[in-house]
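Participant: Sequence plus predicted model, see below.
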Amino acid sequence: MATILAVHAHPDDIEILMGGTLALLAGQGHTITVVSATAGEGGSAEFDPDATGRIRQAEATASAALIGAQYRCLGFPDLSVFNDDPSRRAVTELVRWARPDVVITGSPADYHPDHEAISLLVRDACFAAPVANYRTGPSAALDAIPALYFVDAIGGRDRQGQRIPRDFGVDIAATFATKQAMLAKHESQASWVLKQHGIADHLADMDAWTRRVGRDFGVGLAEGFRQYRHTPYPKTPVLQDLVGDALLANP
Ligand SMILES: [Zn+2]
């Protein structure tokens, strides 16, 4: 069985972009850890930052529990995720603690600065995790760099509106109901995304996005990924092999 570490910026990013794939992997018996860089304490117009952070961590914990996954928060401040030395050491310690076979994080090009920053931090933490002399905390250095993947950006586009290419998709028809249930745990976000993003129904928005990815691959419902293969990261298709029959090639 494999260990999968999913790291994104805010509670609910992982559900929206890769919840179905994680549910699929969890259903196969793999160990999943879901991590948000921040508690998403900016995501409320009703509650103060402390209360919002507590509410959103509880929602993320309940969501992860639906697939038997553990949830952790790195505790970086919302809208203040930066690719700096203390943050890189904290993310490297997380990777060493989790000892993952597969790491999945956000797209290095995305709409939100925290999304882009956590992507770079995770990329570099995977490189640093086997470097024993790079000290981070109690966890031992890894033996090797884990396989690294970027999930789609929100909306699949960079800041210039250009579509970001994918390597492959995962057919999530079998786990879409679980993905919906996971995102539904993020109740506090229903009013927030209406105010900040003008999205009247965040569940319907996720539904539409997942169907749009599906259309790109000629199926009903899908999630998109690309593997980071630059030297010296692993080029072996670990995640592609794990999802098995649900793997979708680009048309
Ligand atoms: Zn986010």
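Facilitator: Received the coordinates, thanks. In this text the structure is predicted, and so the values were computed from the model without any measurement.
Participant: near the ion, which residues of this protein?
Facilitator: Neighbours of the ion within the chain, by CB under 5 Å from the ion: Ala9, His10, Asp13. Using the backbone N, CA and C atoms, a C-beta is placed for each residue, glycine as well.
Participant: can you pull the contacts of the first one?
Facilitator: Meaning Ala9. Ser36, Ala37, Thr38, Val81, Gly106, His112, Asp114, His115, Ala117, Ile118 (CB atoms under 8 Å, 6 or more residues apart in numbering).
Participant: Dump these to a markdown table, plus pLDDT.
Facilitator: Converted to a markdown table, the contacts of Ala9 look like this (pLDDT from 0 to 100):
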| residue | pLDDT |
| --- | --- |
| Ser36 | 98 |
| Ala37 | 98 |
| Thr38 | 98 |
| Val81 | 98 |
| Gly106 | 98 |
| His112 | 97 |
| Asp114 | 98 |
| His115 | 98 |
| Ala117 | 98 |
| Ile118 | 98 |
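Participant: Sort out for me which of the residues you listed are in strands.
Facilitator: Judged by DSSP state E, strands contain the following of the contacts of Ala9: Ser36, Ala37, Thr38.
Participant: so Leu25 makes contact with Asp241?
Facilitator: No: the pair Leu25 / Asp241 is not scored as a contact, 11.5 Å apart, by CB atoms under 8 Å.
Participant: which of those two has more neighbours?
Facilitator: Leu25 (27 against 11; other CB atoms under 10 Å).
Participant: Among the residues of the chain next to the ion, which lie within helices?
Facilitator: Mapping the residues of the chain next to the ion onto helices (DSSP state H) picks out Asp13.
Participant: Let me have the residues of the chain next to the ion in CSV, extended by pLDDT.
Facilitator: Below are the residues of the chain next to the ion laid out as CSV (pLDDT from 0 to 100):
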residue, pLDDT
Ala9, 98
His10, 97
Asp13, 97
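Participant: which residues touch the closest residue to the ion within the stretch 151-251 of the chain?
Facilitator: Nearest to the ion in the stretch 151-251 of the chain, going by CB to the ion, is Ile154, at a distance of 7.2 Å. By CB under 8 Å, 6+ apart, Ile154 lies in contact with Asp13, Ile16, Leu17, Asp110, Tyr111, His112, His115.
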